[in-house]
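A.B. asks: attaching a predicted model along with its sequence, questions to come.
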Amino acid sequence: MTDHSRPARPARPVVLGQNQYGKAENRVVKITRDGATHHIRDLNVSVSLSGDMDEVHYSGSNASVLPTDTTKNTVYAFAQEHGIESAEQFGIHLARHFVTSQEPIHRARIRIEEYGWERIEHGGKGAHSFARTGRETRLAQITYDGTSWEVVSGLKDLVVLNSTDSEFWGYVKDRYTTLPEAYDRILATEVSARWRFGWADDERPAPDWETSYRETGRHLLAAFAETYSLSLQQTLYAMGSRIVEQRAEIDEVRLSLPNKHHFLVDLEPFGLKNPTEDGAVYYAADRPYGLIEATVLREGCEPRIPVDLSNL
Ligand SMILES: O=c1[nH]c(=O)c2[nH]c(=O)[nH]c2[nH]1
């Protein structure tokens, strides 16, 4: 056995920087039964802990280390013991547990992806058969430092398209500009969105996470559908500002919108017209794509969602 009592660290001009650890991507499926009708929640939960962890890095002493295997077990045990009311509530339970039960752990960050399932309705039944929706992935990130909470929710992979009510013209033109002005184009994007809640301490009641997610998604889609778009930038702002205006619990929205270009195909070589007005055929390009990103904030609030959403 290694003796950890000896001086662990020779003086060296090297120090440990930010560090965190935990078990990533714990796949949890929870079935609850309401008579013959079953309900499913399907999560991917990643745990990240930090605190007094210098010694394990410097000397290998594991005295402060709650094993990542234990964090995995905790995720499954909590799903059974406490249920999964919402991704956010589940993450809050876990974060609070790790920080309050282990002295060396000062901060917990729980990231959750949730996959949707819909019922397979068949012959008036549909109680226990499901199909993965594949529409969007719900996201939640919960961070707790023993005093304050930061909850960022969101979604990704939500592909939406308006087949009209989109124009793009009047832009800067230089010697490299070839893009024709568009007065009736397809506007399509794959929404990646994060929204941060103002709720930060246990003194105040937490939002109703399920209602908040449902309504925020509804506003996001309604703003996309209802905005007569002169640019994707304008549509993005309409989506973000509608959420901040309509959902009092949300202070900040970050959106990353790839412009999924649809180009009218030139069919002139085949003696065919391809009019936008009716029956138009488009080439759906997958790359390169315009990438339009912005944060929309409640006035007076600090931006805290990372600019690059791939880091969240
Ligand atoms: O909505 C758009 N915004 C742009 O900034 C842009 N640039 C471009 O080439 N097409 C578009 N479309």
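C.D. replies: Right, received. Where do you want to start?
A.B. asks: please count neighbours and contacts with C-alpha atoms only from this point.
C.D. replies: Noted.
A.B. asks: so Val45 lies in a strand, does it not?
C.D. replies: Yes. Counting by DSSP: H, G, I helix; E, B strand; the rest coil, Val45 is found in a strand.
A.B. asks: bridging residues for it?
C.D. replies: Asn26, Ile112 (DSSP bridges).
A.B. asks: touching, it and Ile110? I think so.
C.D. replies: Yes. Proximity of Val45 to Ile110 meets the contact threshold set by Cα atoms under 8 Å, at 6.9 Å.
A.B. asks: run through who's touching the helix or strand harbouring Leu139.
C.D. replies: Using DSSP states H and E, the element containing Leu139 is strand 130-144. Taking contacts as Cα atoms under 8 Å, 6 or more residues apart in numbering, the residues outside strand 130-144 that touch it are 87-88, 91-92, 95-96, 99, 107-120, 149-159, 312.
A.B. asks: which of those residues fall within helices?
C.D. replies: The helices, defined by DSSP state H, take in Ala87, Glu88, Gly91, Ile92, Ala95, Arg96, Val99 from these.
A.B. asks: what number of residues lie near Arg111?
C.D. replies: Using other Cα atoms under 10 Å, Arg111 is surrounded by 24 other residues.
A.B. asks: wait, I meant Glu88
C.D. replies: If we define neighbours as other Cα under 10 Å, then Glu88 has 25 of them.
A.B. asks: rewinding a little: which positions within the strand holding Leu139 qualify as buried?
C.D. replies: Buried residues in strand 130-144, defined by neighbour count with 16 or more other Cα atoms under 10 Å: Phe130, Glu136, Thr137, Arg138, Leu139, Ala140, Gln141, Ile142, Thr143, Tyr144.
A.B. asks: from Thr100, how far out is the first one?
C.D. replies: Between Phe130 and Thr100 the distance, using Cα to Cα, to the nearest Å, works out to 38 Å.
A.B. asks: hang on, Thr32 in a strand?
C.D. replies: Yes. According to three-state DSSP, Thr32 belongs to a strand.
A.B. asks: contacting residues for it?
C.D. replies: His38, His39, Ile40.
A.B. asks: pretty sure the first one sits in a strand.
C.D. replies: Yes. Secondary structure of His38 (three-state DSSP): part of a strand.
A.B. asks: show me what contacts it?
C.D. replies: Taking Cα under 8 Å, 6+ apart as the test, what His38 contacts is Ile31, Thr32, Ala127, His128.
A.B. asks: flag whichever of the residues you listed scores worst on pLDDT.
C.D. replies: The lowest pLDDT within the contacts of His38 belongs to Ala127, with 90.
A.B. asks: host element of it?
C.D. replies: For Ala127, there is no host helix or strand (DSSP H and E).
A.B. asks: what's it sitting at in phi/psi?
C.D. replies: phi -80, psi -30 (degrees, to the nearest 10).
A.B. asks: and the closest residue to it other than its chain neighbours, bridged to which residues?
C.D. replies: Distances taken as Cα to Cα, 6 or more residues apart in numbering put Thr37 closest to Ala127, at 4.3 Å, once the chain neighbours are dropped. Beta-bridge pairing of Thr37 under DSSP bridges involves Asp34.
A.B. asks: Thr37 is in contact with His128, isn't it?
C.D. replies: Yes. Using Cα under 8 Å as the test, Thr37 is close enough to His128 to be in contact (6.2 Å).
A.B. asks: re the thing from before, can you put the buried residues of strand 130-144 in a markdown table and add pLDDT and distance to Ala79?
C.D. replies: Output for the buried residues of strand 130-144, formatted as a markdown table (pLDDT from 0 to 100; distance: Cα to Cα, whole Å):
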| residue | pLDDT | distance to Ala79 |
| --- | --- | --- |
| Phe130 | 95 | 20 |
| Glu136 | 96 | 22 |
| Thr137 | 97 | 19 |
| Arg138 | 98 | 18 |
| Leu139 | 98 | 17 |
| Ala140 | 98 | 16 |
| Gln141 | 98 | 17 |
| Ile142 | 98 | 16 |
| Thr143 | 98 | 19 |
| Tyr144 | 98 | 19 |
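A.B. asks: restrict the residues you listed to those near the ligand?
C.D. replies: Subset of those in contact with the ligand: empty, counting by Cα under 6 Å from any ligand atom.
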